[in-house]
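Colleague: Provided below are the primary sequence and the corresponding predicted coordinates.
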Amino acid sequence: MDMMKMMKQAADLQKNMKKKQKALAKTKVSYEHDGVRVEVSCDMKIQSIQLDEAQVVAGNAKQLEQAVQKAVQGALDQAQDAMNKEMGSLTQGMNLPGNMKLPFERGNALNILLDNLVAALSRLPSIGRRTAERMAFMLVEDQRGLMRLLANALLEADEGIVCCERCGGITEGRVNPCRICTGERAEGHVLCVVEAPSDILKIESSGGFKGRYHALMGRLSPIQGVGAADLRVEALLERLQPEGIKEVLIALGTDVESEATAHYLRELLEPRGIQLSRMALGLPAGSAIEYSDAATLSEAIQGRRSFT
């Protein structure tokens with residue numbers, strides 16, 4: 001399930017739950033056992049306990065104690081069932097993940113709410129259970145409204161930001177294809193292939209590239225079960241002729257998966273007469289040779305250019 005959609009549903013659920021809880025507080029159920037009658041409101045609060053006079057006169061304290069316990073438990077069970085039935089109607093049509101619970105289920109409601117928050121945060125990249133717990137407590141303890149601010153920002157982003165249908169980059173929902181795809185570019189015949197939309201933003205902010213982009217939305221990784229069919233390779237091939245692409249700049253990383261993806265693209269593009277290029281590798285700007293490893297130095301020397 002999409003996380004943004006889940007958060008929006010959760011916000012709507014919370015709003016409707018408050019209304020239901022007010023109504024449930026006015027709804028009462030009762031349970032009677034062995035001369036003891038207990039009345040409980042459906043917000044799980046005991047309203048009254050009535051004892052049969054015969055029970056009191058009998059003077060059997062242990063029997064009376066057991067009767068009260070069973071009557072209270074029976075009334076609470078009825079109230080819980082009534083609340084579950086009423087509140088359960090709020091979640092009809094919601095496809096909740098298996099590890100998500102609802103705060104009106106049996107158990108500690110506070111723990112369930114925290115578990116839900118931790119479970120949602122744990123789904124973010126590179127966020128483990130412990131980190132998610134620290135983030136959750138930080139949000140809960142913050143007194144400056146950070147949680148509400150974050151929730152509103154996420155909902156607004158979910159409604160207003162989409163991936164461009166052509167290049168896969170980030171764009172506003174009302175501007176699709178994006179401005180880079182539809183606008184004039186000095187090197188519009190050059191297509192820069194990247195792994196993710198975030199790479200487009202990074203390269204574009206550098207100001208060093210004036211062509212167009214194409215995000216593959218991943219890289220080949222047999223270990224993780226990611227094949228060519230899982231990437232936007234077909235969409236890349238379909239763009240070449242209509243857009244008059246003469247050069248494809250493969251702007252992927254240097255790890256094993258990225259290298260495998262780059263070689264796969266070369267096998268597809270070379271027979272089509274497309275000029276292929278890769279980003280230069282070498283010393284980072286502002287760094288010193290003494291801090292560079294052997295592989296980086298070797299790439300820098302092999303990729304040297306004339307000094308003018």
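Modeller: Received the coordinates, thanks. Numbers count the residues shown, from 1 in each chain.
Colleague: burial measure for the closest residue to residue 66 other than its chain neighbours, as a count.
Modeller: Spatial nearest neighbour of residue 66, chain neighbours left out: residue 34 (7.9 Å); criterion: C-beta to C-beta, 6 or more residues apart in numbering. C-beta coordinates here come from the backbone N, C-alpha and C atoms, glycine included. Using other C-beta atoms under 10 Å, residue 34 is surrounded by 13 other residues.
Colleague: got a list of what residue 34 touches?
Modeller: Neighbour list for residue 34: 55, 63, 66-67, 70-71 [criterion: C-beta atoms under 8 Å, 6 or more residues apart in numbering].
Colleague: neighbour-wise, which of the residues you listed leads?
Modeller: Tallying neighbours with other C-beta under 10 Å puts residue 71 at the head of these, with 24 neighbours.
Colleague: Kindly state the pLDDT recorded for residue 4?
Modeller: Reported pLDDT at residue 4 in the predicted model: 56.
Colleague: can you pull the buried residues of the host helix or strand of residue 66?
Modeller: Element membership of residue 66 [criterion: DSSP states H and E] is helix 61-88. Across helix 61-88, burial judged by 16 or more other C-beta atoms under 10 Å covers 64, 67-68, 70-72, 74-76, 78-80, 82-83, 86-87.
Colleague: which helices and strands does the following helix or strand past that helix pack with?
Modeller: Following helix 61-88 in sequence order, the next helix or strand is helix 109-122 (DSSP H and E). Packing partners of helix 109-122 (3 or more C-beta pairs under 8 Å, 6 or more residues apart in numbering; DSSP states H and E): helix 3-25, helix 129-141.
Colleague: Extract the C-alpha trace of helix 109-122 and format it as PDB.
Modeller: The C-alpha trace of helix 109-122 is given here as PDB (Å, rounded to 0.1, in the frame of the first residue of the first chain):
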ATOM      1  CA  ALA A 109      -4.300   1.600  22.800                       C
ATOM      2  CA  LEU A 110      -1.200   3.800  23.500                       C
ATOM      3  CA  ASN A 111       1.200   0.900  22.600                       C
ATOM      4  CA  ILE A 112      -0.800   0.200  19.400                       C
ATOM      5  CA  LEU A 113      -0.600   3.800  18.300                       C
ATOM      6  CA  LEU A 114       3.100   4.000  18.900                       C
ATOM      7  CA  ASP A 115       3.600   0.600  17.100                       C
ATOM      8  CA  ASN A 116       1.700   1.900  14.100                       C
ATOM      9  CA  LEU A 117       3.900   5.000  14.000                       C
ATOM     10  CA  VAL A 118       7.100   3.000  14.300                       C
ATOM     11  CA  ALA A 119       5.900   0.500  11.600                       C
ATOM     12  CA  ALA A 120       5.200   3.400   9.200                       C
ATOM     13  CA  LEU A 121       8.600   5.000   9.800                       C
ATOM     14  CA  SER A 122      10.400   1.700   9.500                       C
END
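Colleague: rank the helices and strands packed on helix 109-122 by pLDDT, which is bottom?
Modeller: When the helices and strands packed on helix 109-122 are compared on average pLDDT, helix 3-25 comes out lowest at a mean of 66.
Colleague: Name the next helix or strand following it along the chain.
Modeller: strand 28-33.
Colleague: so that next one versus helix 61-88, what angle?
Modeller: Counting by axes from the mean of the first three to the mean of the last three C-alpha atoms, to 10 degrees, strand 28-33 points 150 degrees away from the direction of helix 61-88.
Colleague: Run through the neighbouring helices and strands of strand 28-33.
Modeller: Applying 3+ C-beta pairs under 8 Å, 6+ apart, we find strand 28-33 packed against strand 36-41, helix 61-88.
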